[in-house]
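Asker: Quick one, fold the following:
(one chain, ligands or ions: 2)
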Amino acid sequence: MAVAGASGAPGTPEGASVEFRGVTRAYGSTRALDGFDLAVEPGQLLALLGPSGCGKTTALRMLAGFDRPTSGEVLVDGRDVTRLPAHRRGMGMVFQSYSLFPTMSALDNVAYGLRVRGTGRAERHRRAGELLELVGLAEHTAKHPHQLSGGQQQRVALARALAVSPRVLLLDEPLSALDAKVREQLREEIRRIQLETGLTTVFVTHDQEEALSTADRVAVVRAGRLEQCAAPEELYERPATPFVAQFVGTMNRLPATAEAGGRVRVGAQSLPVDGPSGAAGERVTVLVRPEAVVLQPDPAGTGVVALSTFRGASTRLRVALDDAPTGPELIVDTAPHLAASTPLGARVSWRLLDRPVLLDRA
Ligand code: ADP
Ligand code: MG
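Answerer: Ligands and ions are numbered 1, 2, ... in the order given. So this is what the prediction gives:
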């Protein structure tokens with residue numbers, strides 16, 4: 001179907017901008033959101049990423065209009081919608097649980113929102129049929145939810161959210177109940193449809209891989225506050241805080257000692273610190289990516305390769321370390337052809353690539 005088909009007139013920009021300004025939502029003494037700031041550009045897919053309980057669903061509910069902030073504002077296209085009721089905000093929403101009407105066919109589920117708005121039967125069925133085709137369910141329009149798999153039900157839910165031509169699409173962990181294979185397929189599908197429709201989309205997930213692989217920008221949320229919002233590559237390469245560094249991708253934590261001149265000593269190496277460093281002599285912890293550790297076969301080394309996992313483009317090694325202060329193990333990613341020289345059981349020494357390290361200040 002046409003690119004503009006899911007939303008609005010052809011040729012017009014489909015996406016609205018979205019902004020949270022200092023949004024706080026208190027439940028008694030709990031602050032689900034605590035001065036939450038975030039801006040989403042028109043047409044972007046933004047992933048809201050964070051651990052369970054950090055406020056992701058609360059943020060989405062504020063945007064949808066299902067709940068009101070205790071303080072702060074929510075803006076859509078620069079207009080303050082904080083006090084606008086949900087049905088006047090033009091949001092399409094998909095939840096984690098399938099939440100379809102069990103007694104209605106897929107077609108009627110998708111057409112439901114249009115029926116409520118008074119769209120005629122022929123027109124709403126035509127549009128629902130188009131949307132079911134868009135989500136790959138052209139053959140299943142007459143089926144009821146219990147006759148559809150979990151993945152298919154979420155496709156129907158997605159078509160239903162798109163049917164009302166929303167200005168913003170909100171997805172609250174839509175894939176978490178599905179198995180890995182279906183999850184990956186459907187997230188690619190969501191991205192394809194989002195790009196086709198140009199809909200501004202906020203996609204909530206606690207899965208960093210899902211966020212990094214699907215989104216234009218990823219907003220990491222911690223305890224009701226925005227920790228960092230950046231493109232996936234930037235978030236991974238230049239995490240603004242130790243929390244982001246630990247939450248996105250894998251990090252080794254290694255004990256080190258701060259030195260003068262913005263450097264730290266890790267084992268026998270002296271490395272520059274990315275960001276503020278400690279006072280000379282202070283004991284600190286550095287965060288190091290698996291791909292920033294280099295192994296060397298060494299009979300006098302302090303580590304033993306305990307596990308080797310081939311991952312196609314790279315091999316991940318787990319190295320058990322004898323020197324207690326360094327902690328129990330080091331995770332190392334290496335090119336598969338290099339991993340051959342450090343097989344399972346091999347004794348190794350390790351060093352870090354000479355590049356700036358992050359300090360864990362948590
Ligand atoms: P997430 O979606 O990131 O897992 P939520 O936004 O659902 O987190 O919840 C954030 C915090 O607010 C949690 O501590 C949760 O227990 C609390 N919370 C959410 N909704 C309510 C509510 N209706 N009443 C009381 N506490 C709530
Ligand atoms: Mg949630």
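Asker: Name the residue of the chain that lies nearest to ligand 2.
Answerer: Taking C-beta to the ion, ligand 2 has its nearest neighbour within the chain at T57, 3.2 Å off. C-beta coordinates here come from the backbone N, C-alpha and C atoms, glycine included.
Asker: Select the longest helix from the protein.
Answerer: Secondary structure of the chain read by DSSP state H shows that its longest helix is helix 180-197.
Asker: Buried residues, it. List them.
Answerer: V182, R183, L186, R187, E189, I190, R191, I193, Q194, E196, T197 (16 or more other C-beta atoms under 10 Å).
Asker: Not counting its own residues, what contacts stretch 78-88?
Answerer: S17, E19, A64, G65, F66, R68, P69, G72, E73, V74, L75, R89 (C-beta atoms under 8 Å, 6 or more residues apart in numbering).
Asker: Go again with 6 Å.
Answerer: With C-beta atoms under 6 Å, 6 or more residues apart in numbering as the test, stretch 78-88 has contacts from A64, G65, F66, E73, V74, R89.
Asker: what secondary structure does the third one sit in?
Answerer: Right, the one you point to is F66. Following DSSP: H, G, I helix; E, B strand; the rest coil, we place F66 in the coil state.
Asker: how many neighbours does it have?
Answerer: The criterion is other C-beta atoms under 10 Å. On that basis, F66 has 15 neighbouring residues.
Asker: ok, now which ones touch it?
Answerer: By C-beta under 6 Å, 6+ apart, the contact set of F66 is A86.
Asker: rewinding a little: out of the contacts of stretch 78-88, who's the most crowded?
Answerer: Neighbour max across the contacts of stretch 78-88 (other C-beta under 10 Å) = V74, 25 neighbours.
Asker: Given the helix or strand T24 falls within, what are its sheet partners and their directions?
Answerer: According to DSSP states H and E, T24 maps onto strand 18-27. Within its sheet, strand 18-27 is paired with strand 30-40 (antiparallel), strand 71-76 (antiparallel), according to DSSP bridges.
Asker: Mind listing what's buried along the first one?
Answerer: Going by neighbour count (16+ other C-beta under 10 Å), the buried part of strand 30-40 is R31, A32, L33, D34, F36, L38, A39, V40.
Asker: Around the residue nearest to the residue of the chain closest to ligand 2 when sequence neighbours are not counted, how many other residues sit close by?
Answerer: Excluding the flanking residues, the one nearest T57 by C-beta to C-beta, 6 or more residues apart in numbering is D172, at 5.8 Å. By other C-beta under 10 Å, 21 other residues sit near D172.
Asker: Low-confidence ranges, the stretch 251-362 of the chain, go.
Answerer: The stretch 251-362 of the chain contains residues with pLDDT under 70 at 324-328, 362.
Asker: hmm, back to that, would you mind reformatting the buried residues of helix 180-197 (as CSV) and adding columns for pLDDT while you're at it?
Answerer: As requested, the buried residues of helix 180-197 are arranged in CSV below (pLDDT from 0 to 100):
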residue, pLDDT
V182, 91
R183, 92
L186, 93
R187, 94
E189, 92
I190, 95
R191, 96
I193, 93
Q194, 95
E196, 93
T197, 92
